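Undergrad: no sequence on hand, only this structure:
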C-alpha cells in the first residue's frame, strides 16, 4: 500500500501560507497603530500603546510557536533531553 502525501503536503503548504500572512498582518498592524500621532488624551494614548504591545506579543508568540514546532527545533529539544 503506497502512502499518498499529496493532501498532507497541500495542507502544510496552505498552513504555512496562512501562518506567514497572519505574522505579516500582525506586524504591519502594530506598525500602523504605532505610527498614529501621539494623542493628547492620555487614556487614548494608553489604549493605543496597549494595542501595539498586544500585537507585538502576539507576533512573538506566533513566531515562537512556529520555531518550536519545526523539525530542527524538535530534534534539538529531544537531543537536549537525552542524557
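TA: Happy to help now that I have it. Bear in mind the structure is a predicted one, so any value in this text is a computation, not a measurement. Numbering: from 1, shown residues only.

Undergrad: of all the residues in the strand or helix carrying residue 8, which ones are buried?
TA: Per DSSP states H and E: residue 8 is located in helix 6-34. Residues of helix 6-34 classed as buried by neighbour count (16 or more other C-beta atoms under 10 Å): 26, 27, 30, 33. For glycine as for every other residue, the C-beta is placed from the backbone atoms N, C-alpha and C.

Undergrad: and the pLDDT at residue 74?
TA: On pLDDT, residue 74 comes in at 55.

Undergrad: tell me, what residue is most central in this structure?
TA: residue 62 (2.6 Å; C-alpha atoms, centre = their mean).

Undergrad: quick one: the residue nearest to that residue when sequence neighbours are not counted from residue 67, how far?
TA: Nearest residue to residue 62, sequence neighbours excluded (C-beta to C-beta, 6 or more residues apart in numbering): residue 23, at 5.6 Å. From residue 23 across to residue 67, the span is 11 Å (C-beta to C-beta, to the nearest Å).

Undergrad: for residue 12, what are its contacts?
TA: Not one residue lies near residue 12 by C-beta atoms under 8 Å, 6 or more residues apart in numbering.

Undergrad: where does the prediction get shaky in the chain?
TA: Regions of the chain meeting the criterion pLDDT under 70 cover residues 1, 72-79, 81-83.

Undergrad: and with 80 instead?
TA: The model of the chain has pLDDT under 80 over residues 1-3, 19, 66, 69-83.

Undergrad: what is the neighbour count of residue 55?
TA: 20 (other C-beta atoms under 10 Å).
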